[in-house]
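[1] after the sequence you'll find the predicted model.
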Amino acid sequence: MKFLRLARRFSQGLVLIFMLDTGGVVAGVANGPTHGLYGTPGLIDMPTSENAPDASVAFSLSGLNGQIRSTLTFQILPGLSGSFRYSTLYNEWTGDARQHWDRSFDLRYQVRPETRLMPAISLGVQDFIGTGVFSGEYVVGTKTMGPLKASVGLGWGRYGSHNGFKNPLSGVSSKFDTRPAREVGVGGEVEANGWFRGDAAVFGGLSWPVNDQLTAKLEYSSDAYTHETQTYGHVVKTPWNYGATYVAKSGTRSYGLYWLGGSKLAFSVSVIADPKKTSNGSGWDLAPLPVRRDLSRPLGLPPAQTDVRTLYKVLKADGFNPVGHEITGTTARLQIENLRYRSSSQAVGRAARIASRYFGDEITIFVIDLVEKNLPLTSVEISRESLVAYEFNLAPAKEFMDQVAFRDVKSLVSAPEEKSSFYWRIRPYFDYGLFDPDQPVRFEFGVALESEYVFSASSFVEFGIHKQVIGNLDSIERDSDSVLPHVRSDHKHYHKQGDPGLEYLTLNYLTKPHATGYVRLTGGYLEEMYAGVSAEYLWQPTNQNWGLGIELNKVRQRDFDMRFGLRPYDVFTGHVSAYYDFGGRFEGQLDIGQYLAGDKGVTLSVNRVTSNGWRFGAWATLTDVPFETFGEGSFDKGLRVDIPLDWILGKPSPLVMQTPIQIIGRDGGARLHVNHRLYPLIQHAQRVDMGREWARFWR
């Protein structure tokens, strides 16, 4: 059994720049577009119409007079990118010596790619969910002319503030004549009524590769830095900016140095990762056993018989826990728990090869059942004939997958042994907090003791205790100003008083009442801040790309010392959930119900998924709490980045580094944290999920 397999989580998260740049282990984007001061593909301060490779992600840090901008940019689709930016602005907007931290989001869409005669054309909106500090829109074209790349664009908002002229869109409607003022400092809402309005201005520039790594840049900027000039004397002597960008040989890092407006020095550092590329090549997996192809025997020798002892021994050596098997006529069923491979397709493929060697010659059909915590998830049926025919066949993976049958499975072939077992471990942990107005980045390193006691096939007790070693999460001083029940905003007290603290202590029951249904019951101290009971049901046929679930919770807030005491606040919370896998690139989840503060609403989550396990997604929650009552940020929203460890290391690992980035943590739209939620537990074994990586069957 996998030890404390909490939704295949490797950690609560790591510093993102460390994830993307692992000292040359991660291969990124080579010879691609460079990132400007806004952390998006561009010249210096102006955008271009270039795109990064599909699904690539970049983290950029840039500095200029009075500003530090940190930006995460993801290429959502080949022509669509999104960016989240967190900026430190000194003196700006307040007019005094205080710092101001700002969050903003961008979207950019390439309307048409570059052709031999025509430039690439892109349309962008900048800071469209935020305070409006950097708000602007643009249309830009980029054309490659020999070694040169030339860009020319038309901008509005920030991009229309230098040498602006009457908006060309005024001919469509007079409403485009003026740009409505935004209430700077009140963010979180989409203010589309100001897009492409007000004065417009022209910008442009050139980039020239001096060599394979160094690129010189010259641009004409249409940003007058109006607010910066008015509030703290930022000087723009000229609209011309120039500088150079240096790209490391690996393509994973770039460094820029620029001279802005004839008066200020600026710099940028970018780290880029392309999930479709890795410096580990095809990986360092040990070669799987070959399929036994020749069933002929020397004259006089009987057919090979099933060798269960060797079968189980080889399975264990290859990273599997053999749960059970049965033989019915010419069909052999093998139930396994995968302990080593993140890809269920790879696990099934290796198990099928082993089965072909150690089941008897009379077996013509192999059925591999994937099992998780004694729950049979999916049954994959493969004929010996197909294994032999496709082992060295260069046909597309889908052609072979069409020869395989996926079925729902209700129970184990034999009842698991009713014996107790006890597991424990001590591990380091890392926790972090982002976007605190007094300290934007906080962290905590410590030691955690985790244990699991299994006393029946379906039931187990687990607990976790942590002790901080170093960090500053316990130094938060700002009190919550929330008018809602403080269901999350009092988290500082848990960090201050709960060290050491009992993170969770729960009794868990997992079962499968029918072939397509799963049940979870959890009771005890569910997470750091809440104790109570939680029940969940999930309906998810393995051949179906959508499922439905319901979760009900009755919880009470825990004492700040994170021991056994409880506070007066209690609440009923629960959701009805719909899960949909679009196949290929995207998956979504919709949750409707009641949240911890008693507010009712809906959460939409969408993830971009790659064929090697990366996930980059976003979520947003809207409830019956008015934006003004919610407070800063207006509504709950965030991002997630999941990076599989096998992509970094180049060798098998089931672990995934999960990094949720909550844009602003308030009390509205807050949900309970519970271990072993059903959909994340079984998702990897569903047909549509396995189909993304079916080519790994032969690894």
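    Happy to help now that I have it. Numbers count the residues shown, from 1 in each chain.

[2] tell me the mean pLDDT over stretch 562-569?
    The pLDDT scores in stretch 562-569 average 96.

[3] buried stuff in that stretch?
    562, 569 (16 or more other Cβ atoms under 10 Å). Yep, even glycine has a C-beta here, placed from its N, CA and C like the rest.

[4] show me what the lengthiest strand in the chain is packed against.
    Ranked by residue count and defined by DSSP state E, the top strand of the chain is strand 566-583. Applying 3 or more Cβ pairs under 8 Å, 6 or more residues apart in numbering; DSSP states H and E, we find strand 566-583 packed against strand 546-558, strand 586-594, helix 687-692.

[5] please identify the most buried of the ones you listed.
    helix 687-692 (a mean of 21; mean count of other Cβ atoms under 10 Å).

[6] about what we covered before: how far off centre is the longest strand of the chain?
    Distance of strand 566-583 from its chain centroid, counting by Cα atoms, centre = their mean, to the nearest Å, is 20 Å.

[7] re the thing from before, distance to Thr330 and mean pLDDT for the helices and strands packed on strand 566-583 - can I get that in a markdown table?
    What follows is the helices and strands packed on strand 566-583, written out as a markdown table (distance: least, Cβ to Cβ, whole Å; pLDDT from 0 to 100):
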| stretch | distance to Thr330 | mean pLDDT |
| --- | --- | --- |
| strand 546-558 | 33 | 98 |
| strand 586-594 | 37 | 97 |
| helix 687-692 | 24 | 94 |
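
[8] who wins for proximity to Gln75 among these?
    Distance to Gln75, taken as Cβ to Cβ, is lowest for strand 586-594 among the helices and strands packed on strand 566-583, at 13.8 Å.

[9] quick one: contacts of that closest one?
    551, 571-582, 600-609, 679 (Cβ atoms under 8 Å, 6 or more residues apart in numbering).

[10] Lys175 contacts Arg197, doesn't it?
    Yes. With contact defined as Cβ atoms under 8 Å, Lys175 counts as touching Arg197 (6.9 Å).

[11] so for the two, which sits in the more crowded spot?
    Arg197 (21 against 12; other Cβ atoms under 10 Å).

[12] which residues touch the more buried one?
    Going by Cβ under 8 Å, 6+ apart, the list of residues near Arg197 reads 156, 167, 169, 175-180.

[13] 10 Å - rerun?
    Shown in contact with Arg197 (Cβ atoms under 10 Å, 6 or more residues apart in numbering): 137, 156-157, 160, 167, 169-170, 173, 175-180.

[14] also Pro652?
    Pro652 neighbours (Cβ under 10 Å, 6+ apart): 283-286, 318-319, 338-343, 346-347, 350, 645-646, 699.

[15] ok, Val152 next?
    Per Cβ under 10 Å, 6+ apart, neighbours of Val152: 46, 48-49, 119, 139-143, 202-205, 220.

[16] one more: Ala347?
    Contacts of Ala347 (Cβ under 10 Å, 6+ apart): 318-320, 336-341, 368, 370, 380, 652, 654, 684-685, 690, 696-697.

[17] swap in Arg556?
    530-532, 566-571.

[18] skipping its backbone neighbours, what lies nearest it in space?
    Of all residues not flanking Arg556 in the chain, Asp570 sits nearest, at 4.1 Å (Cβ to Cβ, 6 or more residues apart in numbering).

[19] for Gln557, see how far away that neighbour is.
    Asp570 sits at a distance of 7 Å from Gln557 (criterion: Cβ to Cβ, to the nearest Å).

[20] mind listing the shared neighbours of the two?
    Common neighbours of Asp570 and Gln557 are listed as 530-532 (criterion: Cβ under 10 Å, 6+ apart).

[21] same list (those residues) but as CSV, adding secondary structure and pLDDT.
    Listed next are the shared contacts of Asp570 and Gln557 as CSV, based on DSSP: H, G, I helix; E, B strand; the rest coil; pLDDT from 0 to 100:
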residue, secondary structure, pLDDT
Tyr530, strand, 98
Ala531, strand, 98
Gly532, strand, 98
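
[22] out of the residues you listed, who's the most crowded?
    Most crowded among these, counting by other Cβ under 10 Å, is Tyr530 at 25 neighbours.

[23] rewinding a little: show the buried residues in the contacts of Pro652.
    285, 318-319, 338-343, 346-347, 350, 645-646, 699.

[24] thinking again about what came up before, out of the contacts of Ala347, which are inside strands?
    Those of the contacts of Ala347 mapping onto strands are 320, 336-338, 368, 370, 380, per DSSP E.

[25] ok so, going back, out of the contacts of Val152, flag the one nearest to Ser263.
    Tyr220 (16.1 Å).

[26] who is the closest one paired with across the strands?
    For Tyr220, the beta-bridge partners are Gly204, Trp240 (DSSP bridges).

[27] what of Asn508?
    Phe460, Thr522.

[28] could you give the number of residues near it?
    There are 21 residues near Asn508, going by other Cβ under 10 Å.

[29] now do Ser81
    Ser81: 24 neighbours (other Cβ under 10 Å).

[30] and the pLDDT at it?
    pLDDT at Ser81 comes out at 96.

[31] ok, it - contacts?
    Listed by Cβ under 10 Å, 6+ apart, the contact partners of Ser81 are 40-41, 51-52, 54, 56, 58, 73-75, 106-110, 122, 124.

[32] please apply the same query to Phe134.
    38, 67, 69, 85, 87, 89, 102, 104, 106, 126-127, 157-159, 223.

[33] most neighbours among the contacts of Val152, which one is it?
    Going by other Cβ under 10 Å, Ser49 tops the contacts of Val152 with 29 neighbours.

[34] report the secondary structure state of that one.
    coil (DSSP: H, G, I helix; E, B strand; the rest coil).

[35] what's the spacing between it and Thr71?
    Ser49 is 18 Å from Thr71, by Cβ to Cβ.

[36] quick one, helices of the stretch 351-500 of the chain?
    384-390, 397-401, 491-497 (DSSP state H, counting those that start in this stretch).

[37] and the shortest one, C-alpha only, in CSV?
    Once non-C-alpha atoms are left out, helix 397-401 reads as follows in CSV (Å, rounded to 0.1, in the frame of the first residue of the first chain):
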residue,chain,number,x,y,z
ALA,A,397,-0.9,4.9,-29.7
LYS,A,398,-4.6,5.4,-30.3
GLU,A,399,-4.7,2.4,-32.7
PHE,A,400,-3.4,0.1,-30.0
MET,A,401,-5.7,1.7,-27.4
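
[38] let's have the chain start at 43 instead
    Done: numbering now begins at 43, and the last item shifts to helix 439-443.

[39] got the buried residues for that helix?
    For helix 439-443, using 16+ other Cβ under 10 Å, the buried residues are 439, 442-443.

[40] make JSON lines from those and add pLDDT and distance to Phe628 to it.
    Listed next are the buried residues of helix 439-443 as JSON lines, based on pLDDT from 0 to 100; distance: Cβ to Cβ, whole Å:
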{"residue": "Ala439", "pLDDT": "86", "distance to Phe628": "20"}
{"residue": "Phe442", "pLDDT": "92", "distance to Phe628": "24"}
{"residue": "Met443", "pLDDT": "94", "distance to Phe628": "20"}
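
[41] rewinding a little: could the helices of the stretch 393-542 of the chain go into CSV alongside distance to Asn514?
    As requested, the helices of the stretch 393-542 of the chain are exported to CSV (distance: least, Cβ to Cβ, whole Å):
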stretch, distance to Asn514
helix 426-432, 55
helix 439-443, 48
helix 533-539, 9
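
[42] just the pLDDT for the closest residue to Leu594 other than its chain neighbours.
    Of all residues not flanking Leu594 in the chain, Gly616 sits nearest, at 4.1 Å (Cβ to Cβ, 6+ apart). According to the prediction, Gly616 has pLDDT 97.

[43] what about the strands in the stretch 243-392 of the chain?
    256-262, 282-289, 295-302, 306-315, 362-370, 373-380 (DSSP state E, counting those that start in this stretch).

[44] strand partners of the fourth one, parallel vs antiparallel please.
    Using DSSP bridges, the strands paired with strand 306-315 are strand 99-106 (antiparallel), strand 295-302 (antiparallel).
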